[in-house]
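> fold the stuff below for me.
(2 chains)
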Amino acid sequence: MKKSSSMIPYLIWMALFIIIPMLLVVYYAFTVKTPEGITWSLDNFARFFEPIYLKVLWRSLALALGSTLICLLLGYPVAMIMAGNAFTRKNVVMLLFVIPMWMNFLLRTYAWLAILERNGFLNVLLTSLGLPRLNILYTNTAVVLGMVYNFLPFMVLPIYSVLSKIDKGVIEAAGDLGANPVQVFTRVIFPLSLPGVISGITMVFMPALTTFVISRLLGGGQFTLIGNLIEQQFLVVADWGFGSAISMVMIIFILLSMAIMSFFEGEDKEKTLW
Amino acid sequence: MPENIVQLKGVSKTFDETMALADMNLCIKKNEFVTLLGPSGCGKTTTLRLIGGFEQPTSGTIWFNGKDISNVPSYKRQVNTIFQRYALFSHLDVYENIAFGLRIKKLEEQTIRQKVSKMLELVNLKGFEKREVDSLSGGQQQRVAIARALVNEPEVLLLDEPLAALDLKLRREMQHELKNMQKQLGITFVFVTHDQEEALSMSDTVVVMKDGEIQQIGTPEMIYNEPANAFVAGFIGESNIIDGIMRQDRLAEFGGAQFECVDVGFERDELVDVVIRPEDLALIPVEQAKLAGVVRSVTFLGVHYEMIVDAADGTAWLVHSTHMEPVGTKVGLDLAPMDIHIMKKVSES
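Predicted coordinates for the structure are as follows:
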C-alpha cells in the first residue's frame, strides 16, 4: 500500500532514535564487564535494591507525589477561576502562565537560587520586615518549590481546557435538581473534569519523578534524586550498566503510573486532551 | 377560584443595557399548561430562566405559591427544568442521571430505585438503566431529561424548547406524550417555543411575546381567532395583513371596496390593519366578487392548495382552498364579515 511506503522515513527515525537506544539501554542493564569480557547478568538490578538506592527511589517518589499534589491543589482553583464566566481576563492569566515557559528552564531554576539564598531576595525581604531568616535553599522544600514552579502550568492548562468545555447548562441543570454549589462541584464539575486532572497529574508527575536539574540546583546535590543518580552513573562514575538498570526501573515506574492513570480514565470513557 | 402558583409582578430584565424583558406581569395557575410563544429574542427564554432561578430580575418580583422567591437560588426552588440541549450528565449513566435529584435529597436507595424505575416506565426507557447518555438518540436523551426532571415531583415544570432538536415525526409524538404526562401527573407546565403549531396544539394558555413584552394572553382558540394585533395575527398561522380604513363601525374599506365587518370602537376614517386568514377567502366567479385578481402561483399542500392571487391594486392575497384554479385565471375572492379582523395600527418602533 501507498500508505505504508510513506511511513518509511518515520520508521527509520523511530528505529534510529528510539528503538536502538532503548535496546542499548536494555543491553547495558543486563550485562556486566568482567576481566574475562562482557557477560549477561542481573547484578545491576540487584545493586539497585541496596537500601541506599531504595532510599533515593523512595525520596524521588515522595517528592514527585508531593509536588504533583501541591500543583493539583494550586492549579485546580486557578483553572476554575479562569474557566469561570465572570472572569474576563482569561488571556492575561494564561499569558502569565505561559510566558515563563518561553524562558530557558535552567535560567528559571537559577533565578530561584537568587531568591532563596542566605542573602537572597526572600531573606532581605523577611529581615526588612523584622522576621527571622528562612534557610530554604538546599532542602526538600526548595526542590518541591522548584518542581511546583516549573510544572504548575502543565497542571493548570489541561484542567482549564476541560473545565472551559463543560456545558454551562449541565451546571445549571445540577442546580435545578437541587444541588447546592458545593454539591454541584463534587457531583458534576469535578467528575467531568477528571480527564483533565488525570492528564495534569501525568504531565506533572513524570517530569517531577525524573528531573535532575531542579534537585541539583536547589537541592544542592545532597538531596540526590533518581534523576541525579542516573546522570551520575553515566557522566561521573561511567557505570553505564548500573545507569541503564536504574533507567529501566524508572521506565517501569512510569509505565506503571500511566497504567494506573488509564485505569481511572477507562472508568470515565473520556479521551484525554493532552 | 384557581390558585396562582407562579406570578410575575412587573418583572424587567436587562442584559448589559439591552432590555430583554419589560415590565412583565403574568399569572400561572395550578395545573395549567402555559406556553410562552414568540420569535427568538422575544424574552420567552429569559422569562423561563427567571422562574427557574438562573437569572435574577433587574426589577419586579417573582412569586411562587404566595411567597416572593425573586432572590431564592435555583437549587432551593421547587421547580425543575428541561433544557433545550437536555444538559444531561455525561459522566453518569441513564439511571444515575434520573436519580441525581433524589440522591441530592438523600433518599433511601430503595425509594430511589422505585421512583427511577417508575419514571423509566413512564418515558418508555425500561432496560436503558446502564446505558451511557451519550450513546442515546436525541429522542431518548430527551426522555431521560424529562424523567430526570419529573422524578423530583416538581410543582412546576419548565420546558425550554424541549422538542426543537427532534425531527417532525418524533416531535409530534413527544408533544402528545408531554401533554398526556401533564394531565396524568397534574403538574403545571411552562413551555417555551417559537413553533406556533406546537403552542396551539398543547397549551391551555398561550402567551404571545415580542421584544420583551406580552402581546396577548389567551386560550389557543382566542389567540387564533381573535388576535390582539397584527403581530399576533402574523405570528400565529398565516395571514393576509393589509392596510385598511375604518369608515364607520362595522364598515371597513380595503382593496378598493367597502366590506361589512363586526368590529366597532374605531374612530371614523381611522387607518387600521386588516387581518384575513387565507382559509377564510373563498374563490368565486369574478362577476360576483368585490375583490378580484389573477392567480400567480398554485402549490399543492396535501389537504389544500395554496394560491397567491395578485389583485389589481398590487395586494398579493394568500388563499387556502380545497378548490383550485390554474395559474393565470382571473378569480374573485369572497369573505364573510366575521372573518375580517380589524386591528389598531401598531407603530413600528
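
> quick one: the strands in the stretch 151-300 of chain B?
For the stretch 151-300 of chain B, strands defined by DSSP state E, counting those that start in this stretch occupy the ranges B:156-160, B:188-193, B:205-210, B:213-218, B:240-248, B:251-254, B:257-260, B:270-276, B:282-284, B:291-300.

> in the fourth one, which residues are buried?
Okay, so that is strand B:213-218. B:I214, B:Q215, B:Q216, B:I217, B:G218 (16 or more other Cβ atoms under 10 Å in any protein chain shown). (C-beta placed from N, C-alpha, C; glycine too.)

> likewise the fifth one?
Using 16+ other Cβ under 10 Å as the test for burial, strand B:240-248 gives B:N240, B:I241, B:I242, B:G244, B:I245, B:M246.

> ends of stretch B:264-273, how far apart?
One end of stretch B:264-273 sits 14 Å from the other (Cα to Cα, to the nearest Å).

> go on, stretch B:195-214?
17 Å.

> buried residues in it, which are they?
So stretch B:195-214, judged by 16+ other Cβ under 10 Å, has buried residues B:195-196, B:198-200, B:202-203, B:205-212, B:214.

> count of neighbours near B:S135?
12 (other Cβ atoms under 10 Å in any protein chain shown).

> reformat the buried residues of strand B:240-248 as CSV; add pLDDT and distance to chain A.
Formatted as CSV, the buried residues of strand B:240-248 follow (pLDDT from 0 to 100; distance: Cβ to the nearest Cβ, whole Å):
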residue, pLDDT, distance to chain A
B:N240, 90, 40
B:I241, 89, 37
B:I242, 89, 43
B:G244, 91, 47
B:I245, 92, 51
B:M246, 92, 49
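
> returning to what we had before: nearest to chain A among the buried residues of strand B:213-218?
Closest to chain A out of these is B:I214 (24.8 Å), distances taken as Cβ to the nearest Cβ.

> run through the bridge partners of that closest one.
B:I214 has these beta-bridge partners by DSSP bridges: B:M209.

> ok, now which ones touch it?
Listed by Cβ atoms under 8 Å, 6 or more residues apart in numbering or on different chains, the contact set of B:I214 reads B:M24, B:N25, B:L26, B:V207, B:V208.

> now do the residue of chain B most remote from its centre, the pLDDT please.
Here the centre of chain B is the reference, and by Cα atoms, centre = their mean the most remote residue is B:E287, at 41.2 Å. B:E287 carries a pLDDT value of 88.

> contact partners for it?
B:G332.

> low pLDDT regions in the stretch 1-150 of chain A?
Within the stretch 1-150 of chain A, the ranges that satisfy pLDDT under 70 run A:1-3, A:85-87.

> could you pull out the helices in it for me?
Ranges of helices in the stretch 1-150 of chain A, per DSSP state H, counting those that start in this stretch, are A:2-6, A:8-14, A:20-29, A:43-48, A:51-83, A:90-102, A:105-116, A:121-128, A:140-163.

> ok, now which ones touch the closest residue in space to B:C261 that isn't next to it in sequence?
Leaving out its chain neighbours, the residue that sits closest to B:C261 by Cβ to Cβ, 6 or more residues apart in numbering or on different chains is B:I340, at 4.1 Å. Neighbouring residues of B:I340 by Cβ under 8 Å, 6+ apart: B:A252, B:F259, B:C261, B:V262, B:D263, B:V274, B:I276.

> let me have those residues in TSV, extended by pLDDT and neighbour count.
Compiled in TSV, the contacts of B:I340 are given as follows (pLDDT from 0 to 100; neighbours: other Cβ atoms under 10 Å in any protein chain shown):
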residue	pLDDT	neighbour count
B:A252	91	24
B:F259	92	22
B:C261	90	22
B:V262	89	13
B:D263	86	18
B:V274	90	25
B:I276	91	24
